[in-house]
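Chemist: Structure, please.
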Amino acid sequence: MTLDWSEIEDLGGKRGTPEALNARWTIANARKRLQDEGDLWAGKSWKPAALEPALKKAQRAWA
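Modeler: You can find the predicted model right below:
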């Protein structure tokens, strides 16, 4: 689920378990959030990246 930076910064000042802090972002409410907030990543320019080099590097590191 995409988060706004203000939501991430808000977590920094909270106390509690990560599970409790993140409970507001669930699969159950993802559709409604997307409808209400829109896609926060829409319009971002991401360049495509191949996963194979990263997988090979991980395999070498964990071998």
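
Chemist: In the protein, where is pLDDT below threshold?
Modeler: Low-confidence regions of the chain, defined by pLDDT under 70, span residues 14-16, 21.

Chemist: Where do the helices of it begin and end?
Modeler: Listed from the start of the chain, the chain has helices (DSSP state H) covering 5-12, 18-21, 27-37, 52-62.

Chemist: closest to Lys44 out of those helices?
Modeler: Taking CB to CB, helix 5-12 is the member of the helices of the chain nearest to Lys44, at 13.1 Å. Yep, even glycine has a C-beta here, placed from its N, CA and C like the rest.

Chemist: With distance to Lys44 added, can I get the helices of the chain in a markdown table?
Modeler: Written out in a markdown table, the entries for the helices of the chain read as follows (distance: least, CB to CB, whole Å):
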| stretch | distance to Lys44 |
| --- | --- |
| helix 5-12 | 13 |
| helix 18-21 | 25 |
| helix 27-37 | 15 |
| helix 52-62 | 20 |
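
Chemist: among those, which is nearest Gly43?
Modeler: Each of those was checked against Gly43 via CB to CB, and the shortest separation belongs to helix 27-37, namely 13.8 Å.

Chemist: quick one: stretch 54-63 to chain centroid distance?
Modeler: For stretch 54-63, the gap between its own C-alpha mean and the chain's C-alpha mean amounts to 23 Å (CA atoms, centre = their mean, to the nearest Å).

Chemist: CA atoms only: put it into PDB for me.
Modeler: Provided in PDB are the C-alpha atoms of stretch 54-63 (Å, rounded to 0.1, in the frame of the first residue of the first chain):
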ATOM      1  CA  ALA A  54      19.700  -8.700  -8.100                       C
ATOM      2  CA  LEU A  55      18.600 -12.400  -7.800                       C
ATOM      3  CA  LYS A  56      22.000 -13.600  -8.900                       C
ATOM      4  CA  LYS A  57      23.700 -11.300  -6.400                       C
ATOM      5  CA  ALA A  58      21.400 -12.500  -3.600                       C
ATOM      6  CA  GLN A  59      22.100 -16.100  -4.500                       C
ATOM      7  CA  ARG A  60      25.800 -15.600  -4.300                       C
ATOM      8  CA  ALA A  61      25.500 -13.800  -1.000                       C
ATOM      9  CA  TRP A  62      23.400 -16.500   0.600                       C
ATOM     10  CA  ALA A  63      25.200 -19.500  -0.800                       C
END
